[in-house]
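[1] This is a predicted model, with the sequence first.
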Amino acid sequence: MVSVKVSVVIPVYNPGKYLDPCIASLLGQTLAPGEFEVLFVDDGSTDETPARLDELAEQHSHVRVIHIPNSGWAGKPRNVGVEEAVGEYVQFVDQDDRLAPDALRRLYAMGRRNGSDIVIGKVASDFRGVPHGVFRRDRERCTLRNAPLFDSLTPHKMFRTAFLREHGIAYPEGKRRLEDQLYMMRAYIPARVVSILGSYTCYHYSRRDDGKNAGSARLVPSGYYGNLREVLDVVVDGIEPGPLRDRVLRRFYRVEMLGRLSEPAVLTYEGGYLREMVEAVRPLARDFMTDAVHEGLGPMLRMRSELLRAGDAEGLVALARFASSVKGAVRLEDLEWRPDGRIAITLTARLACGPGRESLPLVRRGGRVLLDPSLAAAAEADAPHADAHALPAAIDVTDDLGAFTAELSLRDRETAVEWYCRAAFTAEVVDGGSAPQGADGRCEVVLRGTGELATEGGRSGRGSLPRGFWDAWVTVRGLGLVRKARVGADRAGHVDERCLPALLSEGPRSVIPYFTDPHGNLTLDVARRGKRTVPHLRGRRVQRMPGGPVELRLDLFTAAGTGPGTGCGSGQPELALAKPADGDGIAEPVAVHTFPGTLRPRLGRAHLAVPRQVPGAPEGSWLLCVRLDGPAGPLLPLCGAEVDRAGRLRTDGALASPEPAVLRRLASEQRRSAARQVLKAVAGPVVRRLPPAGRRKARRLAARVLG
């Protein structure tokens, strides 16, 4: 018998249509049905769900349904599922979420090879926050001590079943809040091996159109923070005093306590509810958040902590109003395709405040740098929320300036999957601006950096980006603030000219960087999700290679690994003899005769080969055009052409040749290619008879000689 590798536990209660994607994703797993089981634990549903699940179980032998009386919350169904599970691992899934097709296979493989107690798969969400920092890279073996596991406290992970049972890790049952965090901290603390699969998006949280996703209800402060006290007790009881305990407590202070007294939430609280929140949070801050926890916060959070300790609700609101005006500001200084198919970009980023995106109110006093929110409020004295009198005093941030940093990412606009991109930023304190009385001068922190936007996957790490619109984002971090900003709206003038469409990989497939209308933000259209290549080539230069058959060099970027063809339709470009557009209502050229061409990569651009003879072509003067986006795609005008009665085609002399340096490089590349072919034909049979070590040495020698 095949042993069950994974038991997937799904608590279910009256899900309706929202269960459909979950079921489809479980039935579509690449792990064989005999190697995993699906356990639906129906918590007393009153709709058609029980009968539907029973029918599903009859149709699929690896699906089981367990019916229990209604418990009112997900804790008991999950516990029942773990008790009934026969798999080596347990994977929790919620009824309105879905798994990626290869999730179970990959997660189990990682857990098995490492003996992992917990395996965390990358998640994506179109409505809730995601701890992207946890998934920067794969981690085969880590623990709470050396990885930011406490940033991921949802239970939608894979757990070794014996681990849960040995340590008695179970959900509290009945209706309550923060049960996931309690469960996860009970699991993280004793876990000896935790693995993180960051190179594949395993789990998708999906927004419900009825607004009834779990956790969407407004919290009751006394109950919520009473439940948080239980979580903090687990932390204090399970982790000895020291830096690790402080880091874990600081996470809860930052997110669950100060985070709910920050923008935007605190700005929506009416007076009574605000006081209720402060009164519920303060005792936890007093009992658990030591000075060491407080001092490890960023400056803005330290300000909030001081206000909370003092019970200053009005000050918390005033600080939130100031912080809500702080945005990330990014300028795209340069953009260029690299030979390896990555887009290299140069950026500057900073934190700015107010509608005019002014610099943060940083001032120098006595050799120190202070953050003074009252200066920003004073600058907006006419604004209705200008309440500088309620803001806290200036805080010394000199020692925090080095913590400014930024990250670059690509985010799928439709699925919300986000991938970090390689980038490096350096922080520089720049003087400027008029100084207030008593200050030595104004200053700001500017981040300067370079990064790479990569759509094609490498031999390791994530695979190639799937078809879609991928938006470029920069996350700016500093002074305890985190702000995300789109890239491109503010950009250098020459960037647009360098924003070439491209054909990448062996396929090949289209990658079109463009700036959105009207906001001007940088997006990559991968695999023709909505954009076509031809419109992005119009107005760009077309060059003719000198001599011989007609070969046109298009401003269509190709990389070292780009294969021949267009990657669309038949894969070959369609040439056309067309009537040019005129002033009589013809907006586009009209094709009169079409015939095939050939597209191949040469020295970073696509070269289009035009046949000398075109059988059946009508005699006359025509506009030579090409389709690169399939038979229904638009025409790209190239140049004028003459066809004689024998079907011989000649282009006009209007096209310029490439620059001499490009021609020399193309000629050199052609000679090397010819030499490689000769060497392969002559020496290939001899090399194949060599032992493996000899073959490797011969290939290295050939690579050094021929490039």
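    It's in.
[2] For this protein, give me the ranges with low pLDDT.
    The model of the chain has pLDDT under 70 over residues 1-2, 211-217, 376-390, 433-439, 458-461, 582-587, 673, 676, 702-707.
[3] what about 80?
    For the chain, the stretches with pLDDT under 80 are 1-2, 209-217, 374-393, 432-440, 458-462, 580-587, 669-684, 686-687, 694-707.
[4] hey, where'd the strands end up in the stretch 251-400 of the chain?
    Taking DSSP state E, counting those that start in this stretch to define them, one finds strands in the stretch 251-400 of the chain at 326-337, 343-353, 358-359, 362-365, 368-371, 395-396.
[5] Including mean neighbour count and distance to residue 117, could those strands go into TSV?
    In short, each C-beta sits where N, CA and C put it, glycine included. Formatted as TSV, those follow (neighbours: other C-beta atoms under 10 Å; distance: least, C-beta to C-beta, whole Å):
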stretch	mean neighbour count	distance to residue 117
strand 326-337	20	38
strand 343-353	22	39
strand 358-359	19	47
strand 362-365	19	45
strand 368-371	18	42
strand 395-396	14	41
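[6] I'd like to know which of those strands is closest to residue 239.
    When these are compared by C-beta to C-beta, strand 395-396 sits nearest residue 239, at 29.2 Å.
[7] Who are the packing partners of the next helix or strand after the closest one?
    Counting by DSSP states H and E, the next helix or strand C-terminal to strand 395-396 is strand 405-412. Secondary-structure packing of strand 405-412 (3 or more C-beta pairs under 8 Å, 6 or more residues apart in numbering; DSSP states H and E): strand 343-353, strand 418-421, strand 423-431, strand 441-453, strand 468-478.
[8] Which neighbouring elements make contact with the fourth one?
    Put plainly, it is strand 441-453. So strand 441-453, by 3+ C-beta pairs under 8 Å, 6+ apart, packs with strand 343-353, strand 362-365, strand 405-412, strand 418-421, strand 423-431, strand 468-478.
[9] Now the ones you listed in TSV, please, with extra columns for distance to residue 492.
    Output for the helices and strands packed on strand 441-453, formatted as TSV (distance: least, C-beta to C-beta, whole Å):
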stretch	distance to residue 492
strand 343-353	9
strand 362-365	26
strand 405-412	17
strand 418-421	20
strand 423-431	18
strand 468-478	15
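[10] Nearest to residue 251, out of the ones you listed?
    That would be strand 468-478 among the helices and strands packed on strand 441-453, by C-beta to C-beta, at 15.5 Å.
[11] and the residue lying closest to residue 464 once chain neighbours are set aside, what does it touch?
    Counting by C-beta to C-beta, 6 or more residues apart in numbering, residue 457 is the residue found nearest to residue 464 once chain neighbours are left out, at 4.2 Å. Neighbouring residues of residue 457 by C-beta atoms under 8 Å, 6 or more residues apart in numbering: 463, 464, 465.
[12] Now the second one: which helix or strand?
    The reference is to residue 464. Counting by DSSP H and E, no helix or strand carries residue 464.
[13] and it, how far is that from residue 508?
    Applying C-beta to C-beta, to the nearest Å, the value for residue 464 to residue 508 is 12 Å.
[14] Of those two, which one has the most company?
    It is residue 508, of residue 464 and residue 508, that has more neighbours when counted by other C-beta atoms under 10 Å, with 25 against 17.
[15] Contacts only, for the more buried one.
    558, 562, 563, 564, 565, 566, 567.
[16] mind redoing it with 7 Å?
    By C-beta atoms under 7 Å, 6 or more residues apart in numbering, the contact list for residue 508 reads 562, 563, 565, 567.
[17] tell me which element the closest residue in space to the third one that isn't next to it in sequence is part of?
    Take residue 565 and drop its neighbours on the chain: the residue closest to it by C-beta to C-beta, 6+ apart is residue 571, 3.8 Å away. Of the helices and strands defined by DSSP H and E, none includes residue 571.
[18] and residue 571, how many residues sit next to it?
    Residues near residue 571, counting by other C-beta under 10 Å: 14.
[19] Touching, it and residue 563? I think so.
    No - contact criterion C-beta atoms under 7 Å: residue 571 and residue 563 do not qualify, at 9.1 Å.
[20] How about the secondary structure of the residue nearest to residue 464?
    Assigned with DSSP: H, G, I helix; E, B strand; the rest coil, residue 457 falls in the coil class.
[21] Please tell me how far it sits from residue 30.
    Using C-beta to C-beta, one gets 18 Å for the distance from residue 457 to residue 30.
[22] And for residue 424?
    Applying C-beta to C-beta to residue 424 and residue 30 gives a distance of 36 Å.
[23] contacting residues for residue 427?
    401, 402, 404, 445, 447.
[24] for residue 373, same thing?
    Contacts for residue 373 (C-beta under 7 Å, 6+ apart) come out as 319, 322, 361, 391.
[25] and if you look at residue 563?
    Going by C-beta under 7 Å, 6+ apart, residue 563 touches 506, 507, 508.
[26] picking up where we left off before, what's the spacing between the residue nearest to residue 565 and residue 69?
    Distance, residue 571 to residue 69, using C-beta to C-beta: 60 Å.
[27] Repeat that for residue 271.
    Separation of residue 271 from residue 69 (C-beta to C-beta) stands at 42 Å.
[28] Just give me the neighbour total for the closest residue in space to residue 289 that isn't next to it in sequence.
    Nearest residue to residue 289 in three dimensions, chain neighbours excluded: residue 253, at 5.0 Å (C-beta to C-beta, 6+ apart). By other C-beta under 10 Å, the residues close to residue 253 number 26.
[29] Which positions are bridged to the residue positioned nearest the centre of the chain in the beta structure?
    Nearest to the geometric centre of the chain sits residue 418, at 1.4 Å (C-alpha atoms, centre = their mean). Taking DSSP bridges as the rule, residue 418 bridges to residue 411.
[30] That one and residue 411 touch, don't they?
    Yes - the pair residue 418 / residue 411 is scored as a contact, 4.4 Å apart, by C-beta under 7 Å.
[31] From the rest of the structure, what touches stretch 327-339?
    Outside stretch 327-339, the residues that touch it by C-beta under 7 Å, 6+ apart are 343-352, 357, 474, 476, 483-485, 487-488, 490-492, 495, 498-500, 502, 522, 557, 559-560, 604.
[32] buried ones in stretch 95-105?
    For stretch 95-105, the neighbour count (16 or more other C-beta atoms under 10 Å) marks 95, 96, 97, 98, 99, 100, 102, 103, 104, 105 as buried.
[33] Need the CA coordinates for it. PDB is fine.
    What follows is stretch 95-105, C-alpha atoms only, in PDB (Å, rounded to 0.1, in the frame of the first residue of the first chain):
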ATOM      1  CA  GLN A  95     -12.500  26.900   2.700                       C
ATOM      2  CA  ASP A  96     -12.300  30.100   0.600                       C
ATOM      3  CA  ASP A  97      -8.600  29.800  -0.300                       C
ATOM      4  CA  ARG A  98      -6.700  27.700  -2.800                       C
ATOM      5  CA  LEU A  99      -3.500  25.800  -3.200                       C
ATOM      6  CA  ALA A 100      -1.200  26.100  -6.300                       C
ATOM      7  CA  PRO A 101      -1.000  22.900  -8.400                       C
ATOM      8  CA  ASP A 102       2.400  21.800  -7.300                       C
ATOM      9  CA  ALA A 103       2.200  23.000  -3.600                       C
ATOM     10  CA  LEU A 104       1.700  19.700  -1.800                       C
ATOM     11  CA  ARG A 105       4.400  17.900  -3.800                       C
END
